[in-house]
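Q: Below are the sequence and a predicted model for it; my questions follow.
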Amino acid sequence: MHLLTILSTAILAPLAVIAAPTDPTAVSEIVKRENLCNLKSPPVLCTPNASVTVEETALRAYKFYRAFVTDGDPRTMFSLIDNVYIQHNPGYTSGPQAIWSLFCAGRKIGTEASTSWCFDASTNMSYAQYGNVDRWRWVGGCVHEHWDQRERMPAKEQCYKLNTTGVTLP
Ligand SMILES: *[C@@H]1O[C@H](CO)[C@@H](O)[C@H](O)[C@H]1NC(C)=O
Ligand SMILES: *[C@@H]1O[C@H](CO)[C@@H](O)[C@H](O)[C@H]1NC(C)=O
Ligand SMILES: *[C@@H]1O[C@H](CO)[C@@H](O)[C@H](O)[C@H]1NC(C)=O
């Protein structure tokens with residue numbers, strides 16, 4: 001979550017809204033891009049559950065990437081973060097509260113075409129590439145730990161292949 005990326009996204013965000021009406025999904029995108037900055041804290045966090053399967057975790061990792069990068073959906077994004085959120089970026093303290101103000105406005109960072117994601121089931125790490133690469137460790141079906149400096153995407157073969165048959169993705 002590079003500050004520069006966040007800032008440039010903030011500048012570009014109004015253009016995206018103007019361009020939206022040509023896109024058939026525009027209405028749902030605008031709905032997703034809730035501005036929740038009137039709330040002092042994330043409305044819902046993730047409760048860790050040791051029974052959550054690897055497959056479900058992979059699906060959640062994809063939803064998290066969508067919420068963070070392509071949709072700008074703070075409600076969904078924070079509903080997948082636990083209340084610990086160990087932060088390795090020295091600019092922020094740990095805990096979801098420390099990053100709430102960065103994301104509460106619901107800004108999109110990129111499109112699926114220009115960014116990528118990965119869930120590595122052998123490490124329970126997920127990744128998002130959007131200029132910078134962020135890495136998160138999942139515990140009990142929740143985002144538990146975060147790194148965003150000098151990270152690299154794993155090789156494609158390491159990435160979990162979602163079974164999207166019969167699943168309604170957001
Ligand atoms: C924990 O996850 C399992 C599997 O997804 C689910 O059946 C169970 O209801 C969950 N428990 C709680 C307390 O949410
Ligand atoms: C990853 O998480 C699953 C539960 O979702 C757990 O069974 C497994 O041991 C974890 N793997 C690692 C390497 O931590
Ligand atoms: C994918 O999910 C569908 C629907 O749940 C299921 O019928 C199918 O067997 C799954 N495929 C694989 C490869 O797991």
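A: Ah, there it is. Residues are numbered from 1 along each chain as shown. Ligands and ions are numbered 1, 2, ... in the order given.
Q: can we go C-alpha only for contacts and neighbour counts from here?
A: Noted.
Q: Strands of the chain, start to end?
A: Assigned by DSSP state E, the chain shows strands spanning 81-87, 116-120, 125-130, 132-139, 142-147.
Q: want to throw those strands into TSV with distance to ligand 1, mean neighbour count and mean pLDDT?
A: Below are these laid out as TSV (distance: least, CA to the nearest ligand atom, whole Å; neighbours: other CA atoms under 10 Å; pLDDT from 0 to 100):
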stretch	distance to ligand 1	mean neighbour count	mean pLDDT
strand 81-87	14	20	98
strand 116-120	18	24	98
strand 125-130	19	24	98
strand 132-139	12	21	98
strand 142-147	12	24	98
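Q: I'd like those as a markdown table, with distance to Leu59 appended.
A: Listed next are those as a markdown table, based on distance: least, CA to CA, whole Å:
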| stretch | distance to Leu59 |
| --- | --- |
| strand 81-87 | 14 |
| strand 116-120 | 9 |
| strand 125-130 | 11 |
| strand 132-139 | 12 |
| strand 142-147 | 11 |
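Q: closest one to ligand 2 among those strands?
A: Ranking these by proximity to ligand 2 (CA to the nearest ligand atom) places strand 132-139 first, at 6.4 Å.
Q: quick one: strands adjacent to the closest one?
A: strand 125-130 (antiparallel), strand 142-147 (antiparallel) (DSSP bridges).
Q: any idea how far the most centrally placed residue in the chain lies from Gln158?
A: Of all residues in the chain, the one closest to the mean position by CA atoms, centre = their mean is Phe68, 2.9 Å from it. Distance, Phe68 to Gln158, using CA to CA, to the nearest Å: 22 Å.
Q: all helices of the protein, in order?
A: Assigned by DSSP state H, the helices in the chain fall at 3-19, 26-32, 54-65, 74-78, 97-103.
Q: Out of the ones you listed, which gets the lowest mean score?
A: Lowest mean pLDDT of the helices of the chain: helix 3-19, a mean of 44.
Q: Can you tell me which residues in the chain are near ligand 2?
A: Within the chain, the positions near ligand 2 by CA under 6 Å from any ligand atom are 52-54, 122-124.
Q: quick one: which of these is nearest ligand 1?
A: Distance to ligand 1, by CA to the nearest ligand atom, is smallest for Val52 among those, at 4.5 Å.
Q: tally of neighbours for the closest one?
A: Val52: 13 surrounding residues under other CA atoms under 10 Å.
Q: ok, now which ones touch it?
A: 140-141 (CA atoms under 8 Å, 6 or more residues apart in numbering).
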